[in-house]
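Asks: Give the three-dimensional model of this entry:
(chains A and B)
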Amino acid sequence: MTDTARRTDITRPADITRPTDLFASRHIGTDAAAQRHMLETIGYDTTADLMRAAVPTAIQFDRSLADSLVPPAATEREAVAELRALAGQNRVSRSYLGLGYYDTVTPAVIKRNVLENPSWYTAYTPYQPEISQGRLEALINFQTMVADLTGLATANASMLDEATAAVEGMLLARRASKSRSNRFLVDADAFPQTISLLRDRAEAVGIDIVVTVLDSVDHPSHPLSDADVDAFGVFVQYPGASGRLWNPNEVIGTVQAAGGIAVVAADLLALTLVTSPGELGADVAVGTSQRFGVPMGFGGPHAGYMAVRAGLERQLPGRLVGVSVDAAGHSAYRLSLQAREQHIRREKATSNICTAQVLLAVMAGMYAVYHGPEGLRAIAEGVNGSARALAARLASAGHEIVHADFFDTVLVLVPGRARGLAAEAHEHGLLIGVVDDDTVRIALDETTTDSDLLELTRAFGVTTSGSPEEGSAEEVTDVVPTIPDGLVRTSEFLTHPVFNTHRSETSMMRYLKRLADADYALDRGMIPLGSCTMKLNAASEMEAVTWREFAGIHPFAPKADVAGYLELVRQLEQWLADVTGYDSVSLQPNAGSQGELAGLLAIRGYHRSRGDEARTVCLIPSSAHGTNAASAVLAGMKVVVVACDELGNVDLDDLRQKIEAHSADLAALMITYPSTHGVYEHEVTEICRLVHEAGGQVYVDGANLNALLGYARFGDFGGDVSHLNLHKTFCIPHGGGGPGVGPVAAKAHLAPFLPSHPFTQEAEHLLIDGETVVHGGPQISAAPYGSPSILPISWAYVRMMGLEGLAEATASAVLAANYVAARLAPHFPVLYTGENGLVAHECILDLRGITQASGVSVDDVAKRLVDYGFHAPTMSFPVPGTLMVEPTESEDLAEIDRFVDAMIAIRAEIDRVAAGEWPADDNPLRNAPHTAQSVVQGEWEHAYDRESAVYPVASLVRGKYWPPVRRIDQAYGDRNLVCACPPPEAFE
Amino acid sequence: MTENTDLRYTAEHEWVLIEGSVATIGITAYAAAQLGDIVYLDLPEAGTAIAGGSVVGEIESTKSVGELFAPVDGTVVETNAAVVDSPELVNSDPLGEGWLIKVEFTELPTLLSADEYGALTGAGA
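Replies: You can find the predicted model right below:
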């Protein structure tokens, strides 16, 4: 007999082979039951009904999944396996190419505790300083490190890369210089990718670049002619691209005497041994911190840097961390000079840089913390010693070494043999730089070993049999690091205790943990920042970033080494074009702002190619993000502002008038869709039509794409070009304020004007129809593919979601925003809604009336949310006195409800202030956030009790985020600018 | 937030005190309140020739960067060093210690009275 009768089916047959690692339901926080509850709350039956009502009918598309180039969703394991296969197609050669990219050892304690740690990579830009003290300290370490090494007064919190930092240095020089000249001198021995970027960026803003030999072998101290010094500034590479180490002091002095500004690009590691740019008289230093423990990653992301002498600190672009005091008078960190950022200055902006490379700056700063000044110096001596040993060996074998003085890069004469020698070396897995037919370049780094040197000498045909006249391994030990007289660094650096304390891994691990614990990132709770899309950065998506096959590749490696990367790029370009309705995509821009600039430069190039040189006016709605206007200015355009109506939509009458007034010179309109007010504008198709009719191009800012993906496409409703934010919609983590990736996507007629690069491995890009196009527009980043090592994140997201999953995520995000709006509407007015009273993926809570009635400000509410265990929503953007909430699709219902309940409880607190129950200047809102110290120290003399101060809801008792500081005085920090590590006594 | 009736005003929210051929220039109490905490001033140096209507300096607060327009043609004869060191003076005493520059002017343009300026800000004088 059988015992079948006693068995129960526990699953249906179809479920038996169902994979356990499907991704979409892990990425989307709300399940079917939660969504039913949320739909009931807002009065819809299904998410399909909701989306039909929310998204204007005219722009909704109805595509069959079969028509999409996006493949059906893979499971997490399948996607990772595919990435493994792509990685396997890359070949990690030993790179000696240099030019600003060097192999480096990422200390494992930094890799695991920073780069692979969500407490660091899922944090947002530290706009709420009270809950960001950890990364603000890490950034001030970075700033101190850069300022110390460059010998200048103030460094910012990082730049996008070295070449864009050089451009920003040029722009700073132009506004700070007393010279009326339009010329900028550029060292002919600068990195070639920097020279080409300077040329492309200068052209758009009318600067004349004069590339000149500032110093050469033939002219040991090349005198600048009077004609040369008619310039507003000079750019010097130190040491030069050729490796040559020389003293630019005279050149700097000559240009400065004529009223110019001296910008010096310096190698941070070399600066531990050689005289700093500041001591040589430079006004500005720029460069990269890549070789401080950040993998090459085929070009990025890395933290560029910029430092300036005293008196220029208020000219610094980007972000700057400073020291201020909190409400208890304790030292605290914050972002300084925020008002100077482009979001306030708009069309008067002098830079469109609004982000940094925080995660990478943190890594580089921690590399200096871990090694300390002696450790860094020892690394530099090792690099210099290796270079000298190689030069000595090649010289003794009869090769001519071009420069006698160098830090890490050796130029070797091999008449007529340069290309053949490099090609043969490549066959053996070595990448040697070809300068010209007769000269090769070899740049050594921290990882160089004796066997590497032997391998290199073999590549030159030098045997190592031990015969002394041919050079032998033994000789290496006789060579000592050497810096030319007059350039030996004598000044101290990194003397602050933080760089002299954490030598053991235990100590380093705990320091990183202590800083991470001070911060609020996505691993603690929701970050409902409107317009920032703080969604899940999934572990599977992050997996490939640190693989050697992606991380260990030089950006100018030969095409044969990067087949896997090129295939990944090709697929991602196609998928992004497919989901946005465009024909071609460039992944080169390193941030949304750079994508904007690339897109506007493409429009400029297109008009000019048709002889329409007069088309230079860019229309921008008053509600636009400030970066739009700043990017337009830097693309050489004139900004004309278009009014918005009381609903926050573009005022069609005003648009018609502005178009008519500029019918001859209209270049473009920039709009954000859905609007910055979080609304699906119904007139968008008409708006695009009007602009096209007048001969203009439509730039659609893709910042809010998370409300559209899978439901409508920019390219279908009239967009000609857009940038996307892979760090918003496509899951690249915000990293505490960078990295970002801002691809630019365009219709076919603009594709030839998308960014090019002198060293690109593949100039041809696929169009969506399978044809190809050469991207021939202005260069935008230092590296051909921008920040490729983080592209696997977005690739994995699309691969694991499929088009269906992406659409489901969009609907879930819109549902969450409307649920929050519906639940909060009785307590806080919701400022803008579209048709049917619906918002898109975010909602604006209007506190202006409440502030007027009670004196409680948006600041008070934002800081009080910290006491409740939340990161504040976006404050006062796009409308002053409001909070913009974007829950994203990744938050679950419990977390969304916890946030809504906190906001409702805060509203009740506001009412008690308004009713006079609590004084306007002494209540839990005004005194927020409350530190542990603030409720235990001294007598409690407030009108509310301690428990409501720190435990306003019971759930906090078992698990609470304690802010380390009280509310920070913004004005004090801006008036008393301190942007380097304060002495330890400041925290006693 | 009352404005002084002895002073003349501009639509750019600046006040002008005329003493002989020298005009002392500052920003109004209304402007100071709108800007919020002022943290930095970039003012023209003594000896600088300025043209009425042009931007000659910047007033930076924690919220925004405002521009200082020259209300008259002339030459800067003095810059208030005290406000450069302590920008908060512009908030605490905009019409007094918070003055910004003194200009030796050649010709006086039409300026607003306190009443006219008050009507502009909707405050009444």
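
Asks: all contacts plus neighbour counts: C-alpha atoms, from now on.
Replies: OK.

Asks: Now the residue nearest to the spatial centre of chain B: closest residue in space that isn't a chain neighbour?
Replies: Residue closest to the average C-alpha location in chain B (C-alpha atoms, centre = their mean): B:G26, at 2.2 Å. Spatially, and ignoring its direct neighbours in sequence, B:G26 is nearest to B:W99 (4.5 Å; C-alpha to C-alpha, 6 or more residues apart in numbering or on different chains).

Asks: For the one you found, list the residues it contacts.
Replies: Residues near B:W99 by C-alpha atoms under 8 Å, 6 or more residues apart in numbering or on different chains: B:24-27, B:80, B:83, B:90.

Asks: before we move on, what about A:A598?
Replies: A:589, A:744, A:754-755, A:778, A:780.

Asks: okay if I get the residues you listed as a markdown table plus secondary structure, distance to chain B and pLDDT?
Replies: Converted to a markdown table, the contacts of A:A598 look like this (DSSP: H, G, I helix; E, B strand; the rest coil; distance: C-alpha to the nearest C-alpha, whole Å; pLDDT from 0 to 100):
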| residue | secondary structure | distance to chain B | pLDDT |
| --- | --- | --- | --- |
| A:P589 | coil | 28 | 98 |
| A:V744 | strand | 30 | 98 |
| A:L754 | coil | 34 | 98 |
| A:P755 | strand | 33 | 98 |
| A:P778 | coil | 32 | 98 |
| A:I780 | coil | 29 | 98 |
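
Asks: Tell me where the stretch 651-800 of chain A has helices.
Replies: Under the criterion DSSP state H, counting those that start in this stretch, the stretch 651-800 of chain A contains helices at A:652-661, A:684-693, A:714-717, A:791-824.

Asks: re earlier: the contacts of A:A598: which two are farthest apart?
Replies: Greatest spatial distance in these: A:V744 and A:P778, 12.6 Å, computed using C-alpha to C-alpha.

Asks: who touches both of the two?
Replies: Common neighbours of A:V744 and A:P778, counting by C-alpha under 8 Å, 6+ apart, are A:598, A:754.

Asks: Could you check which of the two has the larger neighbour count?
Replies: Between A:V744 and A:P778, counted using other C-alpha atoms under 10 Å in any protein chain shown, A:V744 has the larger neighbour count: 34 against 23.

Asks: ok, the residue lying closest to the more buried one once chain neighbours are set aside - how many residues close by?
Replies: What sits nearest to A:V744 in space, not counting adjacent residues and going by C-alpha to C-alpha, 6+ apart, is A:H723, at 4.2 Å. By the criterion of other C-alpha under 10 Å, A:H723 has 31 neighbours.

Asks: for A:H723, what are its contacts?
Replies: A:592, A:595-596, A:599, A:700-703, A:742-745.

Asks: of all those, which two lie farthest apart?
Replies: A:G599 and A:A703 (13.9 Å).

Asks: Endpoints of stretch A:33-49, how far apart?
Replies: From its first residue to its last, stretch A:33-49 covers 17 Å (C-alpha to C-alpha, to the nearest Å).

Asks: Please disregard the earlier target; I meant stretch A:337-351.
Replies: Span of stretch A:337-351 from end to end, C-alpha to C-alpha: 14 Å.

Asks: average pLDDT across it?
Replies: When pLDDT is averaged along stretch A:337-351, the result is 69.

Asks: Let me have the contacts of A:H723 in a markdown table, adding distance to A:T275 as columns.
Replies: Listed next are the contacts of A:H723 as a markdown table, based on distance: C-alpha to C-alpha, whole Å:
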| residue | distance to A:T275 |
| --- | --- |
| A:G592 | 36 |
| A:G595 | 37 |
| A:E596 | 38 |
| A:G599 | 41 |
| A:V700 | 48 |
| A:D701 | 45 |
| A:G702 | 45 |
| A:A703 | 44 |
| A:G742 | 37 |
| A:P743 | 39 |
| A:V744 | 41 |
| A:A745 | 44 |
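
Asks: Can you tell me which of these are buried?
Replies: By neighbour count, with 16 or more other C-alpha atoms under 10 Å in any protein chain shown, the contacts of A:H723 hold A:592, A:595-596, A:599, A:700-703, A:742-745 as buried.
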